[in-house]
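In: Provided below for reference: sequence and predicted model.
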Amino acid sequence: MICVSIGRSRHKHMLAEFAHLVEQGAKLVELRLDYISSRVNIQRLLKDRPCQVVITVRREQDGGKFMGSEDARLILLREAIANGVDYVDLEDDIAGKIPRFGKTKRIISYHNFRHTPENLREIHARMKALDADIVKISTMANQPHDNLRVLEMMQESDCPTIGMCMGDIGTPSRILGAKFGAPFTYATFHHERALAPGQLSYDQMVNVYRHNSIRHETAVFGVVADPVGHSLSPQVHNAAFGATGTDAVYVPFRVPFDGLGQFIEDVPRLGIKGLSVTIPHKEAIAKFLTKVDPAVKGIGAVNTVLFKNDEVLGYNTDYKAAMDCLEEAFGGPVPHGQPSPLKDKRVLVLGAGGVARAVMYGLHRRGAKTVIASRTKSRAQALADTFGAKCVDWQARHVPTDVVVNCTPIGMHPNVDESPFSKSNLKPSIIVFDTVYNPESTLLLKEAQSHGCRVVTGVEMFIHQAALQYFLFTGKEAPEPLMRETLKRAIGPVKY
């Protein structure tokens, strides 16, 4: 279950959001009285309430906004109990001052906005002893391992416990609470009005992460990156899980570069079955693998990892996705045993990062005549040497070509008015492939279409590689149309 926190300065706005949430399916709402700027009318807030309510009056030191005296705050909490509120949230230092009364259940809470203490179980035992119906512990995650510590503390408790880590590193603890036995977790009314660092919105929890269907047996997949908040993979994969009835959830894991080893060690205890891997871990994760597919050896980078028994298996779906996209632009799938239409084609690759490496590997295997240019020529030269290609200076990139593949971030949101290739060098015979997917319609592709070029969007590559990952994760064919629709909806309408 999800408890949705509402913090508004006026009673009528709080009540309006309360009613709206219930219409959307909310079963439990937290009313943050510390946000109300006028004299609080508890009876007005609780009268004819359409679902269960938690009343909270949080001090500044605990992340709240209450500016009155401590006596006034305790009076509000006692008044809520006297009016029969379903739950009341009491910090551990005041729980002894407010006795149990009526049917109101007591949430005894602890907040630490600096770190996740080493003595979590001692803190939990102290709070449980304060006549708690539910213990709530919310701490700041400074490393991914903090999530596991909080989740396992919650799972091992014989008292209903809500354990959450704050901050974007702590997001997995909010999503996976139900798998580890939390009676409920917290979300905010809207993603732009989080009442705690890293808090997700009710809409995200329900419609992206399908939180209400998560249970102990639910398999965990995810994307590991730093940063990770911009990733649209959770939306795409979770939509696919929902459409195919797969009991799984896909979670964003922000893992700093120096925390990757500990995170991989934590994988079995978190219930993780597979991961998408992106910057900055595509190369570093290789040392944790027990087996890799041939493409990984050739590319030197991993974007998909499976955990099966004691094996850690590495794959790269980027290169096959890119080649499929290009070959489809030449007329469709290549019949088995037939040469690729890319054979002997002149292909210009822009950029020398991880995506460019995967593209270069695929082009080399298909016999293309490849030229590479990057703003960092040393990296481009290294790729050219590895895959038998030619390297040119960035300023000399406008060479005669049949295909242009942009593997740079130029044109990516928010810098949508930039293009890596001059429109004066575009000709109708050229195929232009931009691996940037947000926006789908980059300036490069707009200009290419205006010059009569065939274009391949980054959305198509994203969906191809995600579909391949989905098959590796589940053994099922991916619902590609739904995944494409979900991604396009997330990045906004296409405008050519």
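Out: Perfect, thanks for sending it.

In: Can you pull the domain assignment for the chain?
Out: In terms of domains, the chain is parsed into 2-216, 217-316+461-475, 320-456 (source: automatic domain parsing).

In: got TSV for those domains, with distance to Glu485, mean pLDDT and mean neighbour count too?
Out: Quick note: C-beta positions are derived from backbone N, CA and C, even for glycine. Putting the domains of the chain into TSV (distance: least, Cβ to Cβ, whole Å; pLDDT from 0 to 100; neighbours: other Cβ atoms under 10 Å) gives the following:
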stretch	distance to Glu485	mean pLDDT	mean neighbour count
domain 2-216	14	95	18
domain 217-316+461-475	8	96	19
domain 320-456	12	95	19
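
In: Kindly reformat those as JSON lines containing distance to Leu482.
Out: Listed next are the domains of the chain as JSON lines, based on distance: least, Cβ to Cβ, whole Å:
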{"stretch": "domain 2-216", "distance to Leu482": "14"}
{"stretch": "domain 217-316+461-475", "distance to Leu482": "5"}
{"stretch": "domain 320-456", "distance to Leu482": "17"}
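
In: so which of the ones you listed gets nearest Gly492?
Out: Go through the domains of the chain one by one with Cβ to Cβ and the one that ends up closest to Gly492 is domain 320-456, at 7.0 Å.

In: Show the end-to-end separation of that closest one, please.
Out: Distance across domain 320-456, first residue to last, is 15 Å (Cα to Cα, to the nearest Å).

In: cool, stretch 170-182 as well?
Out: Taking Cα to Cα as the measure, stretch 170-182 stretches 15 Å from start to finish.

In: So which residues of the stretch 1-150 of the chain form helices?
Out: For the stretch 1-150 of the chain, the helices defined by DSSP state H, counting those that start in this stretch cover 11-23, 42-46, 70-82, 120-128, 145-156.

In: Please enumerate residues in contact with the first one?
Out: What it means is helix 11-23. Counting contacts by Cβ atoms under 8 Å, 6 or more residues apart in numbering, the residues outside helix 11-23 that touch it are 4, 6-8, 29, 31, 35-36, 38, 41, 44-45, 49-51, 189, 202.

In: swap the cut-off to 10 Å and go again
Out: Helix 11-23 is contacted from outside by 2, 4, 6-8, 10, 26-29, 31-33, 35-41, 44-45, 47, 49-51, 53, 187, 189-190, 193, 202, using Cβ atoms under 10 Å, 6 or more residues apart in numbering.

In: The helices of the stretch 1-150 of the chain into TSV, with extra columns for distance to Phe241?
Out: Written out in TSV, the entries for the helices of the stretch 1-150 of the chain read as follows (distance: least, Cβ to Cβ, whole Å):
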stretch	distance to Phe241
helix 11-23	25
helix 42-46	38
helix 70-82	39
helix 120-128	31
helix 145-156	20
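
In: out of these, nearest to Ile410?
Out: Judging these by Cβ to Cβ, what sits closest to Ile410 is helix 145-156, at 35.1 Å.

In: What helices and strands are in contact with the helix or strand following that closest one?
Out: Using DSSP states H and E, the helix or strand that directly follows helix 145-156 along the chain is strand 161-166. Using 3 or more Cβ pairs under 10 Å, 6 or more residues apart in numbering; DSSP states H and E as the contact definition, the elements that strand 161-166 packs against are strand 105-112, helix 120-128, strand 134-140, helix 145-156, helix 171-176, strand 185-188.
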